[in-house]
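**Student:** please work out how this folds:
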Amino acid sequence: MRGISIVVEGKTDVPVVKRVLSLAGHAYGRVHVMGGKHTLNRSLPAYNAAARRSFWLVLRDLDHDARCAPELRERLLPEPAPRMAFRIAVREMEAWLLGDRERLAEFLGVRLRTVPLDPECLDSPKDAVVSLAMASRRVALRDDIVPPLDSTARVGRGYAARVIEFAIYHWRPEVASERCDSLRRCLDALRHWR
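**Tutor:** The predicted structure follows:
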């Protein structure tokens, strides 16, 4: 099988998807970063058409757009092509990162007990990562992830770079999949393609 083409909402999703594909035994092909879920939603029919000829993995966050991943999947892509893996992270991709509690606590410089046990039940996993970083003993990391007090931004300017660093060098998707059902299902689906 040639490399699997990837479609994601944002750049922080890219290393996560690459690690997941690698763990499932696949190489990746072209990467398409859509710049948000709305653009991804509009482009989904075209990528599904392309999945009649080659393999595609599309990752989208559930956010609060439906009660559950199957409901959103049915609404956005009721008839996936045979070579389309349309996967939904519950609620956000950051839940998958939070699933590797030990490594995330170590990376952020926080106590393990402060990392949530069930990240897919969080209202906003991204906010949980920022909240954890607020308690970090590592000043540079805290300054990168946490937005300044006078800012209306959800995350700090270095948030993406730190998430990418963690996903590439520290995150263990096989460990995270034990706490994140949507990640486990994604891995299972990709392993069936081998």
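**Student:** part of a strand, is Leu57?
**Tutor:** Yes: counting by DSSP: H, G, I helix; E, B strand; the rest coil, Leu57 falls inside a strand.
**Student:** what's opposite it in the beta bridge?
**Tutor:** Leu57 forms beta bridges with Ile6, Ala85, as assigned by DSSP bridges.
**Student:** any idea how many residues pack against it?
**Tutor:** The number of residues packed near Leu57 is 27, by other CB atoms under 10 Å. C-beta here means a position set from N, CA and C on the backbone, and glycine is covered the same way.
**Student:** so who does it touch?
**Tutor:** Ile4, Ser5, Ile6, Val7, Val17, Leu21, Ala85, Arg87, Leu190 (CB atoms under 8 Å, 6 or more residues apart in numbering).
**Student:** any idea how far Gly156 is from it?
**Tutor:** From Leu57 over to Gly156 the distance is 29 Å, taken as CB to CB, to the nearest Å.
**Student:** for Cys186, same thing?
**Tutor:** 28 Å.
**Student:** who has more neighbours out of the two?
**Tutor:** Between Cys186 and Gly156, counting by other CB under 10 Å, Cys186 is the more crowded of the two (24 against 20).
**Student:** what's the helix or strand for the more buried one?
**Tutor:** Using DSSP states H and E, Cys186 falls within helix 181-191.
**Student:** do the same with Ala95
**Tutor:** Using DSSP H and E, the element containing Ala95 is helix 93-98.
**Student:** cool, Arg179 as well?
**Tutor:** Judged by DSSP H and E, Arg179 forms part of no helix or strand.
**Student:** contacting residues around it?
**Tutor:** By CB under 8 Å, 6+ apart, the contact list for Arg179 reads Leu98, Gly99, Arg101, Leu117, Asp118, Pro119, Glu120.
**Student:** among the residues you listed, name the buried ones.
**Tutor:** The neighbour-count test (16 or more other CB atoms under 10 Å) marks Leu98, Gly99, Arg101, Pro119, Glu120 as buried among the contacts of Arg179.
**Student:** would a markdown table of the residues you listed with distance to Leu62 and pLDDT be doable?
**Tutor:** A markdown table is the format used below for the buried ones among the contacts of Arg179 (distance: CB to CB, whole Å; pLDDT from 0 to 100):
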| residue | distance to Leu62 | pLDDT |
| --- | --- | --- |
| Leu98 | 15 | 98 |
| Gly99 | 15 | 98 |
| Arg101 | 21 | 98 |
| Pro119 | 13 | 98 |
| Glu120 | 9 | 98 |
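**Student:** closest to Ile164 among those?
**Tutor:** Of all these, Leu98 has the smallest distance to Ile164: 15.7 Å, by CB to CB.
**Student:** does that closest one really touch Pro125, like I thought?
**Tutor:** Yes: using CB atoms under 8 Å, Leu98 is in contact with Pro125, at 5.7 Å.
**Student:** next, show the common contact partners of these two.
**Tutor:** Joint contacts of Leu98 and Pro125 (CB under 8 Å, 6+ apart) are Pro119.
**Student:** which residues in this protein form strands?
**Tutor:** Remark: strands assigned in the chain by DSSP state E are 4-8, 28-33, 56-61, 84-89.
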